[in-house]
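# 3D model of this:
(chains A, B, C and D)
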There are 2 protein chains.
Amino acid sequence: MTHCPTILQALRQRGYRITSQREMIIEIIAHSDRHLSAEEVFHRLREKTSASNLTTVYRTLEMLWVEGFARRNDLGEGRVVYAPLAHGPHLHLVCRSCNRVIEADHSLLAGAEHQLREHYGFQADLAHLNLFGVCQDCREG
Amino acid sequence: MTHCPTILQALRQRGYRITSQREMIIEIIAHSDRHLSAEEVFHRLREKTSASNLTTVYRTLEMLWVEGFARRNDLGEGRVVYAPLAHGPHLHLVCRSCNRVIEADHSLLAGAEHQLREHYGFQADLAHLNLFGVCQDCREG
DNA sequence: TCTCTAATTGCAAATCTTTGCAACTAAAAA
DNA sequence: TTTTTAGTTGCAAAGATTTGCAATTAGAGA
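Model (predicted):
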């Protein structure tokens, strides 16, 4: 419940309409302690009400991401996941050879983030980023 | 034709089998002057031969990416594209609000790339990277 | 060259996500 | 409160991508 009223209010101010579906979806992802796929959000929604539809879940999650109220991560394997902003920053190094995921210190990108804002006026979402590449084992192996 | 023999040889050495489909797909993307979706590669393949299949195209492109012979970019709109390594480095700043794409200097990430290798032994693919965020106009608007 | 085996292909089906459109409804205006 | 209208929903269908499996075949070894 913590962030929901604020989010709802902000969305209304930006011209969105607050429907019961949106309220519930926002509550689900705002309270999640981990990232969720659209399908998972849909299942949790179904537990609350039958007035739910997967398409609406997809559209709402996309909208929340566009408006900056949800993180969105493509793990590269045909499935996008969403997480609340409250999640601490993560930098995931995904090995394209063995699929291993290394958690890295995201402050590594602080300099780049700053420069992107300075030079291009662009506020990059670097707080939850996946980077693809090759891990040491796979390079040596 | 330029890089193909080298790629084929390397793949053979790594235990892959060189089929006519693979040869043609590699030739198509190695010679492309821009990124291609799997569907586009498939169409070009069809012009050459009827022995072609979209699933095989998907699998071959994925394999080339895993083995480091193709770049792979998710533009965030339900469609992944592939490009030859020969393409110069790009850093794309994609606005999640207006979808505008700003081309940025990728050397901005040189420091991060170096640190990732130093601290984590991870060779990140930062040469063709899309970063999502919000552009200046959308933040101000 | 022939044999053998594991890698690859092609198909069909499953999975994930987006889109068009008519019916519905939140919320601004009367 | 009622009306109005533009934003939303839900369905069905399309689009994008992956997966299981039987048939095929590249390439190693006899």
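# Residue A:53: neighbour count?
Residues within reach of residue A:53, counting by other Cβ atoms under 10 Å in any protein chain shown, total 13. (Each C-beta comes from the backbone N, C-alpha and C, glycine too.)
# Contacts only, for it.
residue A:21 (Cβ atoms under 8 Å, 6 or more residues apart in numbering or on different chains).
# per-residue confidence at it?
pLDDT recorded at residue A:53 is 95.
# what do you get for residue A:12?
96.
# how about the nearest residue to it, chain neighbours excluded?
Distance criterion Cβ to Cβ, 6 or more residues apart in numbering or on different chains; nearest residue to residue A:12, sequence neighbours excluded, is residue A:18 at 5.8 Å.
# before we move on, what SS does that neighbour have?
Under the three-state scheme (DSSP: H, G, I helix; E, B strand; the rest coil), residue A:18 adopts coil.
# Let me see the contact set for residue A:67.
Taking Cβ under 8 Å, 6+ apart, one finds A:10, A:11, A:14, A:16, B:97 in contact with residue A:67.
# Show me which of these are buried.
Neighbour counting with 16 or more other Cβ atoms under 10 Å in any protein chain shown marks A:11, B:97 as buried within the contacts of residue A:67.
# Could you let me know which of the contacts of residue A:67 ends up closest to residue B:70?
residue B:97 (30.3 Å; Cβ to Cβ).
# which parts of the helix or strand bottoming out on mean pLDDT in chain A are buried?
The weakest-scoring helix or strand in chain A, judged by mean pLDDT, DSSP states H and E, is strand A:71-74 (a mean of 88). Within strand A:71-74, the residues scored as buried using 16+ other Cβ under 10 Å are A:71, A:72, A:73.
# what does stretch A:21-34 give?
Under the neighbour-count criterion of 16+ other Cβ under 10 Å, stretch A:21-34 has A:21, A:22, A:24, A:25, A:26, A:27, A:28, A:29, A:30, A:32 buried.
# Who are the packing partners of the helix or strand hosting the fifth one?
The secondary structure element spanning residue A:26 is helix A:20-31 (assigned by DSSP states H and E). When contacts are defined as 3 or more Cβ pairs under 8 Å, 6 or more residues apart in numbering or on different chains; DSSP states H and E, helix A:20-31 sits against helix A:4-13, helix A:38-48, helix A:54-66.
# ok, and the closest non-adjacent residue to residue A:81?
residue A:35 is the one closest to residue A:81 (Cβ to Cβ, 6+ apart), at 4.0 Å.
# And residue A:113, by the same measure?
The shortest distance from residue A:113 to any non-neighbouring residue, by Cβ to Cβ, 6+ apart, is to residue A:126 (5.0 Å).
# show me the contacts for the one you found.
Contacts of residue A:126 (Cβ under 8 Å, 6+ apart): A:89, A:91, A:106, A:109, A:112, A:113, B:131, B:133.
# By neighbour count, which of those residues wins?
residue A:109 leads these on contacts (other Cβ under 10 Å) with 24 neighbours.
# my read: residue A:32 touches residue A:85, true?
No - Residue A:32 lies out of contact with residue A:85 (Cβ atoms under 8 Å); the separation is 11.4 Å.
# Give me the neighbour count for the nearest residue to residue A:27 once chain neighbours are set aside.
Excluding its sequence neighbours, the residue lying closest to residue A:27 (Cβ to Cβ, 6+ apart) is residue A:4, at 5.6 Å. The tally of other residues near residue A:4 (other Cβ under 10 Å) stands at 14.
# repeat for residue A:108
As a burial measure, residue A:108 scores 18 neighbours (other Cβ under 10 Å).
# And the pLDDT at it?
Residue A:108 carries a pLDDT score of 94 in this model.
# Thought residue B:112 was touching it, still the case?
Yes - the pair residue A:108 / residue B:112 is scored as a contact, 5.4 Å apart, by Cβ under 8 Å.
# Return the distance of the one helix or strand residue A:111 maps to from the chain's centre.
Assigned by DSSP H and E, residue A:111 belongs to helix A:110-120. Relative to its chain's centre, helix A:110-120 lies at 21 Å (Cα atoms, centre = their mean, to the nearest Å).
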